[in-house]
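**Student:** Got a sequence here, can you model it:
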Amino acid sequence: MKIARIKTDDVISYALVESDGFHLIEGDLFGDWSETETTIPYNAAALLPPVDPPQIVAIGLNYRQHAVESGMAIPEAPLVFVKTSNAITGPDQPILLPAMAPDEVDFEAELVIVIGKEAKNVAMEDVDDYVLGYTCGNDVSARDCQLKLDKQWARGKCFDTFAPIGPWISTDLDGDDLGIKLTLNGQVMQDSNTSDLVFSCKELVSYLSQCMTLAAGSIIMSGTPSGVGMGRSPQLWLKEGDTVTVEIEGIGSLTNPVAKETV
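**Tutor:** Alright, predicted model coming up:
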């Protein structure tokens, strides 16, 4: 099942993605809901970020090969950081190169876990009961702020538009065995499988729920595979006019153009 968040005539709705269009649902996506008889044609609706997350929790160095390319040891426990809600943007919306830090903006394809109900101290064997599904994400990062200037990650990870997610939520997937790919202007930059995760999706949800209450609709950005611009020789940064696509098996594709912030 695929669940989209759409906008039609200034009305925001959740809908099932079906072959003949978007089938609207009524009720609470994170509680009780049902499918209606209303179908919206694909060309009559705009895709929004599939959730408006109250929390954006992210994990660093969570692919073995990415840790290697970063010249860092594989973590012994999940490396947790957060992104702020202003960073969220949706399919086909521009990633903005920030005016104060436009020169070393990097891409990071990520599998995003969507929490379906409040989760606290969840055992590994119970995690599936708390996960609504998965979507594609891009943990965009200003590397100069993150690694050179600030010596910590908050500013470099939290500029406006630095967390594109979409196109929709896919349910009934094994998050720990999905192909994940990122292309930049049609050229493959990252091509891996979530089986390379250091900490599995179940481990992440259980671990995070022990240190914070995860609210329904929150997302976990589970880490990025090798192939990021920072790890290349020469290094490769996003520039105005680029197009970035994250593709994950069983979910679909999230595409965003790149533009300069106007001030």
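**Student:** switch to C-alpha atoms for all contacts and neighbour counts from now on
**Tutor:** Fine.
**Student:** which stretches of the stretch 151-263 of the chain have low pLDDT?
**Tutor:** Counting by pLDDT under 70, the stretch 151-263 of the chain shows no low-confidence range.
**Student:** Tell me where it has strands.
**Tutor:** Under the criterion DSSP state E, counting those that start in this stretch, the stretch 151-263 of the chain contains strands at 163-170, 179-184, 187-193, 219-221, 243-248, 252-260.
**Student:** could those go into CSV alongside distance to E104 and mean neighbour count?
**Tutor:** Formatted as CSV, the strands of the stretch 151-263 of the chain follow (distance: least, CA to CA, whole Å; neighbours: other CA atoms under 10 Å):
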stretch, distance to E104, mean neighbour count
strand 163-170, 16, 27
strand 179-184, 15, 21
strand 187-193, 16, 17
strand 219-221, 21, 28
strand 243-248, 15, 25
strand 252-260, 13, 20
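**Student:** Now distance to L97 too, for those strands, in a markdown table please.
**Tutor:** A markdown table is the format used below for the strands of the stretch 151-263 of the chain (distance: least, CA to CA, whole Å):
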| stretch | distance to L97 |
| --- | --- |
| strand 163-170 | 13 |
| strand 179-184 | 15 |
| strand 187-193 | 19 |
| strand 219-221 | 21 |
| strand 243-248 | 13 |
| strand 252-260 | 5 |
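**Student:** what's K7 in contact with, if anything?
**Tutor:** Contact analysis of K7 by CA atoms under 8 Å, 6 or more residues apart in numbering lists 13, 45-48.
**Student:** For D139, which residues are in contact?
**Tutor:** For D139, the contact set (CA under 8 Å, 6+ apart) comprises 107-110, 157, 162-164, 221, 224.
**Student:** picking that back up, which one of the contacts of K7 is nearest T38?
**Tutor:** S13 (11.4 Å; CA to CA).
**Student:** so that closest one makes contact with R5?
**Tutor:** Yes: counting by CA atoms under 8 Å, R5 is a contact partner of S13 at 5.7 Å.
**Student:** who has more neighbours, these two?
**Tutor:** Counted by other CA atoms under 10 Å, S13 and R5 do not tie: R5 has more neighbours, with 25 against 16.
**Student:** Quickly find the element holding the more buried one.
**Tutor:** Assigned by DSSP states H and E, R5 belongs to strand 2-8.
**Student:** Could you list the buried residues of that strand?
**Tutor:** By neighbour count on 16 or more other CA atoms under 10 Å, the buried set for strand 2-8 is 2-6.
**Student:** For whatever helix or strand comes next after that strand, which strands pair with it and how are they oriented?
**Tutor:** Counting by DSSP H and E, the element after strand 2-8 in chain order, helix or strand, is strand 11-18. Taking DSSP bridges as the criterion, strand 11-18 forms sheet pairs with strand 2-8 (antiparallel), strand 21-27 (antiparallel).
**Student:** Pull out the buried positions in the last one.
**Tutor:** Buried positions in strand 21-27, judged by neighbour count with 16+ other CA under 10 Å: 21-25.
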